[in-house]
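Asker: Give the three-dimensional model of this entry:
(one chain, ligands or ions: 1)
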Amino acid sequence: MTSEIITTEFYKKYSESGESPRIFFSPGRVNLIGEHTDYNGGYVFPCALTYGTYMAARISSTKTIKFASLNFDFTIEIPLSELHNKVGNEWVNYPLGVFNEFKKTGVDPDRGIELLFSGDIPNGAGLSSSASIETVTGFFINKVFGNDKLNLEELALLCQRAENKFIGVNCGIMDQFAVSVGKKDHAIFLNCDTLDHELVPLKLDGLKLVISNTNKKRQLADSKYNERRGECEQAVKYLNKVKKVKNLGELSLDEFNEISAHIPDEVIRKRALHVVSEDQRCVEAVDALKKGDMVRFGVLMNESHDSLRDDYEVTGTELDILVEEARNIKGVLGSRMTGAGFGGCTVSLVREEAVDIFIEKTGKKYEQRTGLKPDFYVADVGDGVKEIQ
Ligand code: GLA
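Answerer: Predicted structure coming up:
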């Protein structure tokens, strides 16, 4: 997708007369390590992709907002006064949730708008297509109606609230933050408790990040996700009987091991162990990257997946097979699931010269074992949300 193509499509949907639309873009993201730690006040290490959501927008003379997408047939025109109701299970709820949150901050469009969205992130693959559409909408509202009153971090928090409250998915801050703040060829080392963050150069000399999509439809992902959050809260409650902590991210692995016996429920103890150990792996991985030790980085990626599989139990057969087959290929330094899990994508660190073989062999083996055809993307790390023209 380019801004020329979306502009041409915009004119096909809406009239050619009048001003030309402004074009905005927000990326998707891939998380390199630090999974299911964000809502526990821990560390994450995601980066923005060059894939994402484009949005063409033009102020109109009607008192309505028109929503259309090149990805979905559903279109709708909503009067400004009725902007704050949900529309079934439609994609427009993502932008609507953002309009709704802006209204609460006193920013409410007083003129009509024509909007056309177009995304090239596979939906439901765990690469943050929802954070991407929320953030591109939010960036536009902030700029055009909000006088740029929110900075990028505040924008991320507003979009997270839209997802939590309007969509009903109790996600953490990682996705919206990564797609807002991301920078080309950098990953974001984010403390999700304080939002302190550092943009770390992704020195991948001779290596590629390959994203592999299981193409397994994510089932019950939202309810399972919320269930895991509940289990972590329960772990904190048990631990609070012996040590005052606000969330699991405050504990080092040693501290946790000392008191973990106070969690009587074995399942909850395993969930907490994942979070605390993953947090430590994330810090170590950033350190390894800074030292140029990508072999160590890969080992930590592998350990991350194994912990998500055995202790957090959010992987499932397809993700496990894809990771297993990836690790059998010479030149793969590490491979793990990325995002919420329960289907979706893996991310692998692969030596450049092994990428073609990786795609061919892993693809074949995965298909033989699951009957599903995977997709592969060699990831380019891009910038966060922006206006293109
Ligand atoms: C989803 C959520 C994020 C994060 C990841 C798991 O992507 O939106 O907030 O919790 O899952 O790390």
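Asker: Could I get the CA-only coordinates of stretch 207-217 as PDB?
Answerer: What follows is stretch 207-217 as a C-alpha-only set of coordinates in PDB (Å, rounded to 0.1, in the frame of the first residue of the first chain):
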ATOM      1  CA  LEU A 207      20.500 -11.900  10.900                       C
ATOM      2  CA  LYS A 208      16.800 -11.500  10.000                       C
ATOM      3  CA  LEU A 209      13.700 -11.500  12.100                       C
ATOM      4  CA  VAL A 210      11.200 -13.900  10.400                       C
ATOM      5  CA  ILE A 211       7.600 -13.900  11.400                       C
ATOM      6  CA  SER A 212       5.700 -17.100  10.800                       C
ATOM      7  CA  ASN A 213       1.900 -17.100  10.900                       C
ATOM      8  CA  THR A 214       0.400 -20.400  12.100                       C
ATOM      9  CA  ASN A 215      -2.800 -19.400  10.400                       C
ATOM     10  CA  LYS A 216      -4.600 -21.000  13.200                       C
ATOM     11  CA  LYS A 217      -7.800 -19.000  14.100                       C
END
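Asker: got the contact list for it?
Answerer: Here stretch 207-217 makes contact (Cβ atoms under 8 Å, 6 or more residues apart in numbering) with 30, 32, 122, 124-125, 127, 294, 316, 318-319, 322, 326, 333, 338, 343-352, 355, 358-359, 362, 366, 370, 372-379, 381. (Each C-beta comes from the backbone N, C-alpha and C, glycine too.)
Asker: quick one: that stretch to chain centroid distance?
Answerer: 14 Å (Cα atoms, centre = their mean, to the nearest Å).
Asker: do the same with stretch 148-164
Answerer: Worked out by Cα atoms, centre = their mean, stretch 148-164 lies 15 Å from the chain centre.
Asker: Stretch 375-389 now?
Answerer: With Cα atoms, centre = their mean, you get 13 Å for stretch 375-389.
Asker: same check, this time on stretch 244-263
Answerer: 27 Å.
Asker: Going forward, count from 47.
Answerer: Fine by me, first position is 47 from now on; the one you just mentioned is stretch 290-309.
Asker: Would you work out how far apart the start and end of that stretch are?
Answerer: Stretch 290-309 has an end-to-end distance of 14 Å (Cα to Cα, to the nearest Å).
Asker: Give the helix, strand or coil label for P73.
Answerer: Put simply, P73 is strand when judged by DSSP: H, G, I helix; E, B strand; the rest coil.
Asker: Please work out how many residues are found near the residue in the stretch 247-396 of the chain that the ligand sits nearest to.
Answerer: Per Cβ to the nearest ligand atom, A386 is where the stretch 247-396 of the chain lies closest to the ligand, at 3.5 Å. Neighbours of A386 under the rule other Cβ atoms under 10 Å: 23.
Asker: can you tell me which helix or strand the nearest residue to it once chain neighbours are set aside belongs to?
Answerer: Using Cβ to Cβ, 6 or more residues apart in numbering and skipping the chain neighbours, the partner closest in space to A386 is Y271 (5.4 Å). Assigned by DSSP states H and E, Y271 falls within helix 267-285.
Asker: ok, and what's touching the next helix or strand after that helix?
Answerer: Proceeding N to C from helix 267-285, the next assigned helix or strand is helix 299-305, under DSSP H and E. Outside of helix 299-305, the residues within contact range by Cβ under 8 Å, 6+ apart are 285, 288-289, 294, 318-319, 322-323, 326.
Asker: now do 10 Å
Answerer: With contacts defined as Cβ atoms under 10 Å, 6 or more residues apart in numbering, helix 299-305 is touched by 281, 284-285, 287-289, 291, 294, 296-298, 306, 309, 315, 318-319, 321-327.
Asker: Just the buried residues of that helix, please?
Answerer: F302 (16 or more other Cβ atoms under 10 Å).
Asker: same check, this time on stretch 361-375
Answerer: Result for stretch 361-375 [16+ other Cβ under 10 Å]: buried residues 361-362, 364-369, 371-373, 375.
Asker: Which ones among these map onto strands?
Answerer: Counting by DSSP state E, no part of the buried residues of stretch 361-375 is found in strands.
Asker: ok, which pair from the residues you listed is furthest apart?
Answerer: G362 and I375 (21.3 Å; Cβ to Cβ).
Asker: Does the strand or helix carrying A94 reach the ligand?
Answerer: For A94, the enclosing helix or strand under DSSP H and E is strand 92-106. No: using Cβ under 6 Å from any ligand atom, strand 92-106 stays clear of the ligand, with a minimum separation of 8.7 Å.
Asker: Point out where the stretch 247-396 of the chain drops to low pLDDT.
Answerer: Applying pLDDT under 70 to the stretch 247-396 of the chain flags the ranges 265-266.
Asker: And the helices in it, which stretches?
Answerer: Taking DSSP state H, counting those that start in this stretch, the helices of the stretch 247-396 of the chain run over residues 267-285, 299-305, 312-336, 340-356, 363-373.
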